[in-house]
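Trainee: Need a 3D model of the sequence below.
(one chain, ligands or ions: 2)
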Amino acid sequence: MPDARDATPYDALLLLSFGGPEGPDDVIPFLENVTRGRGIPKERLKEVGEHYFLFGGVSPINDQNRALLDALRKDFADHGLDLPVYWGNRNWAPYLTDTLRDMVADGRRRVLVLATSAYASYSGCRQYRENLAESLAALEAEGLEPPRVDKLRHYFNHPGFLEPMIEGVLASLADLPEDVRDGAHLAFSTHSIPNASADTSGPVEEHGEGGAYVGQHLEVSRLIAEAVRERTGVDHPWQLVYQSRSGAPHIPWLEPDICDHLEERHEAAVPAVVIAPIGFVSDHMEVLYDLDTEAKAKAEELGLPMRRSATVGADPRFAAGIRDLVLERAAVERGQEVTPCALGALGADHNLCPVGCCPARAPKPAAAGVDSPYA
Ligand SMILES: CC1=C(CCC(=O)O)c2cc3nc(cc4[nH]c(cc5[nH]c(cc1n2)c(C)c5CCC(=O)O)c(CCC(=O)O)c4C)C(CCC(=O)O)=C3C
Ligand SMILES: [Fe+2]
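Mentor: Ligands and ions are numbered 1, 2, ... in the order given. Model prediction:
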């Protein structure tokens, strides 16, 4: 068993997230950061900008991350784990490079990274690894010695991630009118990505239709639906659906879209739907706009009772799960035997991304993988 308080060789945890605007003037520069070199049509950008302006130009993601930082620091302190927690983003302040520079100034040499994305995919994994490599190179160019960075394994099937979502679905079911509750279907929703990017997600052996991205989401959906059945005695039919499609219309992305799905369920006389946004770690703009605004309006138009269940956010069980993952990885790095905690059939995901995992269209250096230039 790993020592409950020993994170050696790590001397810091870095929460690595997406970032989001904090006021109207931030929206356009933020979107420029996100889409630089990504081939997103201008009309889509204008449209997404409007989503942010609808909420005063403020994304909830930064406050969600501040709350998660507090939860992690509290959990670590309560359990005698002396590991400082930092925060840096890919697309908005605090920027990753600035945070890593602060960490070097604080003498941190061995950093473990927690990304706010639980699954494999280019956008959810390799792109963060590319951002890390880029920032480490920037520090080197400044004459600093970059720290060594490792990334926590994907936590989609860790109980700290699953349990709050199971409870969230139960709460949403309980919140539905009694006469439609038992007949409700579950729609597990995640970010749509290009089919080509799904098919090549995960290690090369897992490439194929939908790849690790779809496989991992199907497993999470199944685990939640099964836990709900065990706890309520009701077998709710479920489906994995997608949201927040972007990109050019002629390029295929994962389907069905949540709104089309709601229409289809309504036509099939399904009495109610619970949408569980399993693809997201917190209630950020994709959840607030695409589900709580757009999908909600669609359900109302159809007269279909709908509830949206909670994301894990800063749930103390998620923070405790992260502590477990940190201690597990630290023990692995010390060469100790560990039994990694993972529910379901897929087992614990790899600690180190192999070559060819979630490839980019144009190859770039990526940290925290077997072929990292910063080992
Ligand atoms: C898989 C995935 C996650 C989940 C994993 C993770 O969390 O990392 C995620 C999260 C997020 N995506 C976010 C925002 C945006 N994503 C965009 C664009 C894109 N996302 C993609 C995928 C994902 N995205 C893809 C394939 C694109 C197309 C462009 C490209 O190929 O890169 C765009 C551009 C406009 C548009 O096209 O929609 C924006 C503004 C925010 C912040 C929200 C906030 O501010 O609260 C968050 C957490
Ligand atoms: Fe996105």
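Trainee: The protein against ligand 1: which residues are in contact?
Mentor: Contacts of the chain with ligand 1, taken as C-beta under 6 Å from any ligand atom, map to 18, 20, 31, 34-35, 38, 40, 44, 48, 59, 61, 116-117, 121, 123-124, 191, 193, 246-247, 279, 284-286. (C-beta placed from N, C-alpha, C; glycine too.)
Trainee: Out of the residues you listed, which end up buried?
Mentor: The neighbour-count test (16 or more other C-beta atoms under 10 Å) marks 18, 20, 31, 34-35, 40, 44, 48, 59, 61, 116-117, 121, 123-124, 191, 193, 246-247, 279, 284-286 as buried among the residues of the chain next to ligand 1.
Trainee: Could you list which of those residues belong to strands?
Mentor: His191 (DSSP state E).
Trainee: Out of the buried ones among the residues of the chain next to ligand 1, which sit inside helices?
Mentor: Under the assignment DSSP state H, these contribute 31, 34-35, 44, 48, 61, 285 to helices.
Trainee: where's the dip in pLDDT among those?
Mentor: Here the lowest pLDDT out of those sits on Arg44, with 86.
Trainee: Pro177 and Arg231: what is the separation?
Mentor: From Pro177 across to Arg231, the span is 20 Å (C-beta to C-beta, to the nearest Å).
Trainee: Between these two, which has more neighbouring residues?
Mentor: Arg231 (13 against 10; other C-beta atoms under 10 Å).
Trainee: Leaving out chain neighbours, which residue sits closest to the more buried one?
Mentor: Among residues not flanking Arg231 along the chain, Leu170 sits closest, at 6.4 Å (C-beta to C-beta, 6 or more residues apart in numbering).
Trainee: Against ligand 1, how distant is the nearest residue to Phe161 once chain neighbours are set aside?
Mentor: Excluding the flanking residues, the one nearest Phe161 by C-beta to C-beta, 6+ apart is Tyr155, at 5.0 Å. The spacing between Tyr155 and ligand 1, counted by C-beta to the nearest ligand atom, to the nearest Å, is 12 Å.
Trainee: Model confidence score at Tyr155, please.
Mentor: For Tyr155, pLDDT reads 98.
Trainee: now Leu304
Mentor: 98.
Trainee: and if you look at Ala105?
Mentor: pLDDT for Ala105: 98.
Trainee: what does Asp3 give?
Mentor: pLDDT, read off for Asp3, is 65.
Trainee: now swap in Cys341 and tell me
Mentor: pLDDT, Cys341: 98.
Trainee: Quick check: it touching Glu328?
Mentor: Yes - Cys341 lies in contact with Glu328 (C-beta atoms under 8 Å); the separation is 7.1 Å.
Trainee: Which one of these two is surrounded by more residues?
Mentor: Glu328 (21 against 15).
Trainee: Checking the more buried one next. Helix, strand or coil?
Mentor: What DSSP: H, G, I helix; E, B strand; the rest coil gives for Glu328 is helix.
Trainee: Okay, now the unreliable bits of the stretch 101-250 of the chain?
Mentor: Within the stretch 101-250 of the chain, no range satisfies pLDDT under 70.
Trainee: In it, which residue sits nearest ligand 1?
Mentor: Going by C-beta to the nearest ligand atom, ligand 1 is nearest to Ser246 of the stretch 101-250 of the chain, at 2.8 Å.
Trainee: Now for that residue: which residues touch it?
Mentor: 40, 44, 48, 192, 253 (C-beta atoms under 8 Å, 6 or more residues apart in numbering).
Trainee: of those residues, closest to Glu337?
Mentor: In terms of C-beta to C-beta, no member of these lies closer to Glu337 than Ser192, at 40.0 Å.
Trainee: mind listing what Tyr128 touches?
Mentor: Counted by C-beta under 8 Å, 6+ apart, Tyr128 has contacts 16, 90, 113, 115, 117, 151.
Trainee: Can you go through the residues you listed and name the buried ones?
Mentor: 16, 90, 113, 115, 117, 151.
Trainee: thinking the third one is in contact with Ala368, fair?
Mentor: Looking back up the chat, that one is Val113. Yes - applying C-beta under 8 Å, one finds Val113 in contact with Ala368, separated by 6.5 Å.
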